[in-house]
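1. From the sequence below, what's the structure:
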Amino acid sequence: MQPPKRLDGELLEAYMQSFFGYGSLSGAYWMIGIEERGGDTFEDVDARLRNWDYRGRLELEDVCGFAEQVGQGQWFGPEARPQRTWGNFIRVILSAEGIDDANDKKILQYQSEEFGRFGGETCLMILMPLPSQSSNCWSHANWSALPHLEGRKACMKYYAERRARRIKELVNKCGPMAVFLATMQDKYRPLWEIITSAEFEPLESAGKPFEFGRQGGTVFVVAHHPAARGVPKEYFREIGKCIAQREG
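-> Below you'll find the model as predicted:
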């Protein structure tokens with residue numbers, strides 16, 4: 001009988017504490033998501049950890065370079081496939097930039113060539129870095145002896161506030177133009193309140209709620225997740241217009 005597969009404990013802990021996503025801290029637009037989709041197999045998670053280690057254990061990675069080295073290059077290049085979550089993030093960004101006619105082709109081109117890249121205008125941060133197939137799945141306890149990974153609740157309890165405080169530090173230091181907080185679920189509200197003390201105004205876009213606030217020179221948006229069911233593309237486009245109108 002084969003012994004159970006185990007992730008490198010020291011590397012896994014370092015990854016959980018220190019890896020925050022993709023793109024550039026100097027970017028104008030920061031998107032803060034909950035977690036990445038994936039992690040279906042031990043091999044997938046192990047490849048991410050080892051790739052991160054090999055590339056220098058960076059706080060932020062170049063999404064294309066990182067993804068291609070773990071077999072996720074389908075989102076980039078001339079044959080790129082649309083990634084739904086990124087696509088709606090990009091709708092917000094392009095609309096905020098005054099590009100009202102951003103069709104699916106333009107959005108896919110931006111995804112393929114610009115989104116989440118070193119030196120670009122975007123920063124895609126992840127509140128919790130371990131990928132998961134869905135919010136109902138948690139396989140990491142099978143591959144690690146770390147007590148904080150015995151379940152999703154334990155993981156969130158131990159890491160989420162720590163990571164939210166680091167994101168707050170980076171927001172305050174770098175002063176992005178806009179920060180998009182990508183869920184309106186009540187359980188994440190305390191974490192958004194760590195990241196910003198902005199007072200939020202309830203608004204609507206395409207018949208769906210979102211919230212808008214400001215802290216210093218940064219505008220903050222709390223909105224539905226880009227892959228949420230029943231939320232139209234126009235919702236994200238109108239939020240981008242709102243960001244453009246309220247900047248400065």
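
2. Give me the distance between stretch 214-232 and the centre of its chain.
-> Distance, stretch centre to chain centre, for stretch 214-232: 12 Å (C-alpha atoms, centre = their mean, to the nearest Å).

3. buried ones in that stretch?
-> Buried residues in stretch 214-232, counting neighbours by 16 or more other C-beta atoms under 10 Å, are found at 214, 215, 218, 219, 220, 221, 222, 223, 224, 226, 228, 231. Just so you know, the C-beta spots here come from the backbone N, C-alpha and C atoms, and that holds for glycine as well.

4. Give me the subset of those residues lying in strands.
-> 214, 215, 218, 219, 220, 221, 222 (DSSP state E).

5. just curious, which of the buried residues of stretch 214-232 is nearest to residue 178?
-> residue 219 (4.9 Å; C-beta to C-beta).

6. For the residue most central in space within the chain, give me the pLDDT.
-> The C-alpha lying nearest the average C-alpha coordinate of the chain belongs to residue 33 (C-alpha atoms, centre = their mean; 3.4 Å). Model confidence at residue 33, given as pLDDT, is 95.

7. Please, which helix or strand holds residue 169?
-> Counting by DSSP states H and E, the element that carries residue 169 is helix 161-174.

8. now could you export just the CA positions of the helix or strand bottoming out on mean pLDDT in the chain as CSV?
-> Least confident helix or strand, the chain: helix 152-155 with a mean of 90, by mean pLDDT, DSSP states H and E. Output in CSV follows, covering the C-alpha atoms of helix 152-155 (Å, rounded to 0.1, in the frame of the first residue of the first chain):
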residue,chain,number,x,y,z
ARG,A,152,-11.8,25.2,5.3
LYS,A,153,-13.1,26.9,8.5
ALA,A,154,-9.9,26.2,10.4
CYS,A,155,-7.9,27.6,7.5
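
9. circling back: give the other helices and strands that the helix holding residue 169 contacts.
-> If contacts are counted by 3 or more C-beta pairs under 8 Å, 6 or more residues apart in numbering; DSSP states H and E, helix 161-174 sits against helix 189-195.

10. What is the helix it packs on packed up against?
-> helix 161-174, strand 178-181.

11. Just the residues contacting that helix, thanks.
-> With contacts defined as C-beta atoms under 8 Å, 6 or more residues apart in numbering, helix 189-195 is touched by 32, 127, 160, 161, 164, 165, 167, 168, 171, 179, 181, 222.

12. ok, how many other residues are close to the closest residue to the residue nearest to the centre of the chain other than its chain neighbours?
-> Nearest residue to residue 33 in three dimensions, chain neighbours excluded: residue 182, at 4.8 Å (C-beta to C-beta, 6 or more residues apart in numbering). Residue 182 has 26 neighbours, counted by other C-beta atoms under 10 Å.

13. Quick check: residue 182 touching residue 35?
-> No. Counting by C-beta atoms under 8 Å, residue 182 sits too far from residue 35 to count as a contact (10.6 Å).

14. what residues are up against residue 132?
-> Taking C-beta under 8 Å, 6+ apart as the test, what residue 132 contacts is 35, 36, 37, 38, 39, 138, 139, 140, 152.

15. Only the buried subset of those residues, as a PyMOL command please.
-> Command for PyMOL that selects the buried part of the contacts of residue 132, burial taken from 16+ other C-beta under 10 Å:
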select buried, resi 35+36+39+138+139+140+152
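
16. from the contacts of residue 132, which is closest to residue 68?
-> residue 38 (14.4 Å).

17. For the spatially closest residue to the closest one that is not a sequence neighbour, what are phi and psi?
-> Spatial nearest neighbour of residue 38, chain neighbours left out: residue 131 (3.5 Å); criterion: C-beta to C-beta, 6+ apart. Phi and psi for residue 131, reported as degrees, to the nearest 10, are phi -70, psi 150.
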